[in-house]
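Asks: the sequence isn't on hand, but the structure is:
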């Protein structure tokens, strides 16, 4: 018997029939002898519909009120799921984030969990009932007001509850089968990983794959909560995300890609101390997160250099207009903006102890005739920027070059033995 | 400057444009120098849509979960209204029933308010902001669970808050202009009452008119809260409901009618002590409220009598099948069920001190050729049952006979001087 936290996303509870399907799965888990706590998102497009209603009222809704509005969505799905489980003969009680003890700061719309005190959940489980908790929401206890955790917040709710309850596993159900070595829509030969480390999945998430949101993985890593990423539409095992096991960790976990980035280049920036710092200060003040940065060595004698960085394309206008306002101060000649780029990231915890990974990556791209525009690295990640139209071919070439294609022997992927 | 509680029903906030219209009205009241606390119902058909969703899941949803589900509706309307008021430049904060301190018992779906501790509302008003409160809902503090007050509960929320805040008036906005001497759809000459007493409006509500629910009026009477019933679609004054003023109270406030009742008759009941008590015990155990009762004197020598009572037609099957199960015990010969009846009620606080009212009523019906099947009276009400198809004609005849038609001199209606 285990204590299992299950999280079901909006697509898993899109209508009454889906809610009943999820209820059957919860009941099966319960009847297999487990204690079950379920975290649930709002049904299907409910959250978007509520946002649309608010937009009809005002272009700039107060954040406190927006959070009250949005939390209505989980209130609906959680009570319906409790009813559906009850109808199958298993008692269930639903709880808001507040009732479940999910305590956050007061940053409405993007609150951070600061504590979880799930005494009502523990009591409910001890009574032999299923506990259902609204994802995505908490309470700011100082103001006694509801808050929301931002998009993907239900995953974080589930992991935080699993940590506070001491659950054996947190199962994240969605419409994908697990974490793959690459996006199967781009690489048909991609294979599902049986295991992956927190660090590697964090890098994959930060590299554009929409498997798990980084905040949720960070929470799981901090409290060492095993996370099982799996599909609500099949009974297959998905991918277990746990702490790194040096004996089992694959050298390369997978190839992520991201076509939502753009590149900004400032030409002819005076090559004097403090200019780069000022550029990134201005961009940060505009609320824009920068990803990769490249500063060329200044051409001999000119005293000028070019500075390039990548950022989410949705923030392109904010960043460039902020930089245009300090044109004179920074002294660049002009701004180039390019949203036709793609980013490929090779991720693997074993990478740090295996030289030759970058050489093999660059060789594969070169053989495929693909030009590399920018490079950045972390301990367990290697990212390159290509032309957008080359990105899919690049992902396939790298996937094959690292023997990740599914007709290869599994041992090559999962074995820790050097090569 | 006054402290005003305003309540807007679902039809007043049916969509984004309606919410904005209500917001403008709230802002105008605020800018006229008043403190304003607004109680709001769920938008349009939201509550019915949520009930429909639950019905798709299960025929018998747990009541606790049903209440969690239904409270989502006011959460949506209250936050949208706060946004709309904010967009007009006046700060507004919305609060759930729990946050507003509406404390109830644990009777999910039909909870009763047992206390109101609106400290957050008082603070919000003291800060010069508009406070918005979700109607229809409260919290059971023992279980820390949300509850709903049942249909029409938002009116009760508004009056209870007005009492706890010491408001000068509680304005109940709906799509009707006020309390009329009769239903204007049946009596075109019906006139709007400028004032009416709690007692009289209670009798009118209990007699089938859908002006205010009795629970709300009882609450207002107990705490002496002046209630202003008015239309959200016009600026006209509506009807003030206050405690009785013997100098101003009209003899007759109005004529109510109710065509939703049915009549059950048990034929040939043995005329021995305890039989009638047993009949009404059985009906009460089936959860059915009885309205009027008539027991004939037993025909000489038979030792048998007929017992008739009226009840809401929707409860007809429950009552008759409960009575069929005790057929042998009670010893009646058979049950007659008749849902083609109508009930007319003449209501007025002055009635008790004015003899001749019943004679005038019976005379008017007799002159109109309408047969009376049952009669019941209270201190300030006189009700008769007619055939359903005679009801409208009966209401018009009585309305005219008591000089209520609007071409009459107002003094006749409002004057306390006898006649």
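Replies: Looks like it came in fine. Treat the numbers as computed from the prediction; the structure is a model and nothing was measured.
Asks: number of nearby residues for residue A:356?
Replies: Residue A:356 sits with 10 neighbouring residues when counted by other C-beta atoms under 10 Å in any protein chain shown. Every C-beta, even on glycine, is put in place using the N, C-alpha and C of the backbone.
Asks: may I ask which helix or strand encompasses the residue nearest to residue A:325 when sequence neighbours are not counted?
Replies: In space, and not counting its chain neighbours, residue A:325 is closest to residue A:282: 7.9 Å by C-beta to C-beta, 6 or more residues apart in numbering or on different chains. Per DSSP states H and E: residue A:282 is located in helix A:275-285.
Asks: neighbouring contacts of that helix?
Replies: Helix A:275-285 is contacted by residues A:266, A:269, A:290, A:293, A:295, A:307, A:309, A:311, A:319, A:322-323, A:325-326, A:329-331 when judged by C-beta atoms under 8 Å, 6 or more residues apart in numbering or on different chains.
Asks: list the buried residues in it.
Replies: By 16 or more other C-beta atoms under 10 Å in any protein chain shown, the buried positions in helix A:275-285 come out as A:275, A:276, A:279, A:282, A:283.
Asks: now stretch A:175-190
Replies: Buried, per 16+ other C-beta under 10 Å, within stretch A:175-190: A:176, A:177, A:178, A:179, A:180, A:181, A:182, A:183, A:186, A:187, A:190.
Asks: list the buried residues of the helix or strand following the helix holding residue A:282.
Replies: Moving toward the C-terminus from helix A:275-285, the next helix or strand (DSSP H and E) is strand A:293-295. Buried residues in strand A:293-295, counting neighbours by 16+ other C-beta under 10 Å, are found at A:294, A:295.
Asks: just checking, what packs against strand A:293-295?
Replies: strand A:304-312, strand A:374-378 (3 or more C-beta pairs under 8 Å, 6 or more residues apart in numbering or on different chains; DSSP states H and E).
Asks: any idea which of these gets closest to chain B?
Replies: Across these, chain B has its closest neighbour in strand A:304-312 (27.3 Å, C-beta to the nearest C-beta).
Asks: avg pLDDT for the following helix or strand past that closest one?
Replies: Downstream of strand A:304-312, the first helix or strand assigned by DSSP H and E is helix A:316-324. Across helix A:316-324, pLDDT averages out at 93.
Asks: repeat for stretch A:119-128
Replies: 97.
Asks: name the residues that touch that stretch?
Replies: A:3, A:35-37, A:91, A:93, A:95, A:99-101, A:130-131, A:133, A:161, A:165, B:144.
Asks: about what we covered before: let me know the closest of the contacts of helix A:275-285 to chain B.
Replies: Using C-beta to the nearest C-beta, the contacts of helix A:275-285 come closest to chain B at residue A:322, 27.3 Å.
Asks: average pLDDT for the helix or strand where residue A:385 lies?
Replies: Residue A:385 belongs to strand A:381-387 when assigned by DSSP H and E. In this model, strand A:381-387 carries a mean pLDDT of 91.
Asks: near chain B, which residues of the stretch 1-150 of chain A show up?
Replies: A:16, A:19-20, A:50, A:53-54, A:56-58, A:60-62, A:64-66, A:68-69, A:71-73, A:75-76, A:78-80, A:82-84, A:86-87, A:92-94, A:96, A:99, A:120, A:144-145 (C-beta under 8 Å from any C-beta of the partner chain).
Asks: now, of those, which are buried?
Replies: Using 16+ other C-beta under 10 Å as the burial test, the residues of the stretch 1-150 of chain A next to chain B include A:16, A:19-20, A:50, A:53-54, A:56-58, A:61-62, A:64-66, A:68-69, A:71-73, A:75-76, A:78-80, A:82-84, A:86-87, A:92-94, A:96, A:99, A:120, A:145 as buried.
Asks: need phi/psi at the spatially most central residue of chain A.
Replies: Nearest to the mean C-alpha position of chain A, by C-alpha atoms, centre = their mean, lies residue A:213 at 2.1 Å. Backbone torsions of residue A:213, given as degrees, to the nearest 10, read phi -80, psi 140.
Asks: what separates it from residue A:238, distance-wise?
Replies: Residue A:213 sits 16 Å away from residue A:238, going by C-beta to C-beta, to the nearest Å.
Asks: with residue A:276 instead?
Replies: Per C-beta to C-beta, residue A:276 is found 43 Å from residue A:238.
Asks: skip the chain neighbours and tell me the closest residue to residue A:109.
Replies: residue A:63 is the one closest to residue A:109 (C-beta to C-beta, 6+ apart), at 5.0 Å.
Asks: in this structure the one you found contacts residue A:106, no?
Replies: No: using C-beta atoms under 8 Å, residue A:63 is not in contact with residue A:106, being 9.6 Å away.
Asks: mind listing the shared neighbours of the two?
Replies: By C-beta under 8 Å, 6+ apart, no residue touches both residue A:63 and residue A:106.
Asks: quick one: least confident helix or strand in chain A?
Replies: helix A:410-414 (a mean of 33; mean pLDDT, DSSP states H and E).
Asks: about what we covered before: ok, now how distant is the nearest residue to the residue nearest to the centre of chain A once chain neighbours are set aside from residue A:381?
Replies: Nearest in space to residue A:213, with sequence neighbours left out and distances taken as C-beta to C-beta, 6+ apart, is residue A:152 at 3.7 Å. Counting by C-beta to C-beta, the gap from residue A:152 to residue A:381 is 21 Å.
Asks: kindly report the same for residue A:372.
Replies: Residue A:372 sits 15 Å away from residue A:381, going by C-beta to C-beta.
Asks: same check, this time on residue A:220
Replies: Counting by C-beta to C-beta - residue A:220 and residue A:381 are separated by 19 Å.
Asks: which of the two has more neighbours?
Replies: Taking neighbours as other C-beta under 10 Å, residue A:220 and residue A:381 compare with residue A:220 leading, 28 against 23.
Asks: any idea how many residues pack against the closest residue to residue A:401 other than its chain neighbours?
Replies: Using C-beta to C-beta, 6+ apart and skipping residues adjacent in sequence, the residue nearest residue A:401 is residue A:364, 3.5 Å away. For residue A:364, the count of nearby residues is 19 (other C-beta under 10 Å).
Asks: before we move on, back to that, pLDDT score for the residue nearest to residue A:325?
Replies: pLDDT, read off for residue A:282, is 91.
Asks: buried members of the contacts of helix A:275-285 into PyMOL, please.
Replies: Selecting only the buried members of those in PyMOL, with burial defined as 16+ other C-beta under 10 Å, works like this:
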select buried, chain A and resi 266+269+290+295+307+309+311+319+322+323+330
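Asks: mind checking how far the spatially most distant residue from the centre of chain A is from chain B?
Replies: The outermost residue of chain A relative to its centre, with distances by C-alpha atoms, centre = their mean, is residue A:301 at 44.9 Å. Applying C-beta to the nearest C-beta, to the nearest Å, the value for residue A:301 to chain B is 58 Å.
Asks: mind checking which helix or strand residue A:103 is in?
Replies: strand A:102-104.
Asks: sorry, back to before: can you list the neighbours in contact with the strand holding residue A:385?
Replies: Residues from elsewhere that reach strand A:381-387 (C-beta under 8 Å, 6+ apart): A:203, A:206-207, A:261, A:263, A:292, A:310, A:340-347, A:351, A:357-358, A:361, A:365, A:370-377, A:394.
Asks: residues of the stretch 201-350 of chain A that sit close to chain B?
Replies: Going by C-beta under 8 Å from any C-beta, none of the residues of the stretch 201-350 of chain A are near chain B.
Asks: for chain B, what's the nearest residue on the stretch 201-350 of chain A?
Replies: Taking C-beta to the nearest C-beta, the stretch 201-350 of chain A has residue A:232 as its residue nearest chain B, at 17.2 Å.
Asks: residues near that residue, how many?
Replies: 21.
Asks: swap in residue A:33?
Replies: That count, for residue A:33 with other C-beta under 10 Å as the rule, works out to 8.
Asks: can you pull the contacts of it?
Replies: residue A:1.
Asks: can you check the pLDDT for it?
Replies: Residue A:33 carries a pLDDT value of 96.
Asks: my read is it is in a strand, agree?
Replies: No: Residue A:33 is assigned coil when assessed by DSSP: H, G, I helix; E, B strand; the rest coil, not a strand.
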